[in-house]
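Engineer: got a structure for you, letters missing:
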């Protein structure tokens, strides 16, 4: 089966009709190399994503990447973020960005990140995120998109894992 190009992807807010696809993606992500290291529970992650999809919170958004015309169960990637409130009132916070293994390296993450940045820039001038010290691919990804490492949080989420703090100025004033 031909893989969709990232240009054919649609990034949009998740909604209640995406529940099955969100649960499928949560299961795959929780068993993947990154989140399994954090002891992620697939059911809990799925519940969190579905709760966000069902919610109309103005301060937090869940975006998904899907191929146009595909079933809502075929979610290629997800981004969860707060519009403001990180490090004072100036910064948005990217809590999670993840792409299905089958879509890695195709630009899906870049499309999601661009939409996150556009949304956050309307509310905050900065965007912050954390990345595990061992996640070199994420470090390169964020570097390519203009993020700077500005600090470290040793043992913040899990013992023996240092979270690197990344930051990008999205707009001036």
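Structural biologist: All right, it came through fine. Fair warning: this is a prediction, and the values are worked out from it, not measured in the lab.
Engineer: right, and the helix or strand after the longest strand along the chain?
Structural biologist: In the chain, assigned by DSSP state E, the strand with the most residues is strand 75-86. Once the chain leaves strand 75-86, the next helix or strand it forms, by DSSP states H and E, is strand 91-99.
Engineer: buried ones in the next helix or strand after that next one?
Structural biologist: Per DSSP H and E, the first helix or strand lying C-terminal to strand 91-99 is helix 108-121. Buried residues in helix 108-121, counted by 16 or more other CB atoms under 10 Å: 108, 109, 111, 112, 113, 115, 116, 117, 119, 120, 121. C-beta: built from backbone N, CA, C; applies to glycine.
Engineer: Pull the most distant pair out of those residues.
Structural biologist: Spatial extent of those (CB to CB) is set by the pair 108 and 121 at 20.6 Å.
Engineer: Going along the chain, name the strands of the protein.
Structural biologist: Under DSSP E, the chain gives strands at 10-13, 60-66, 75-86, 91-99, 126-132, 148-154, 162-169.
Engineer: Next, format those as TSV and append distance to residue 50 and mean neighbour count.
Structural biologist: Formatted as TSV, the strands of the chain follow (distance: least, CB to CB, whole Å; neighbours: other CB atoms under 10 Å):
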stretch	distance to residue 50	mean neighbour count
strand 10-13	14	15
strand 60-66	9	21
strand 75-86	11	22
strand 91-99	14	22
strand 126-132	23	21
strand 148-154	28	12
strand 162-169	26	19
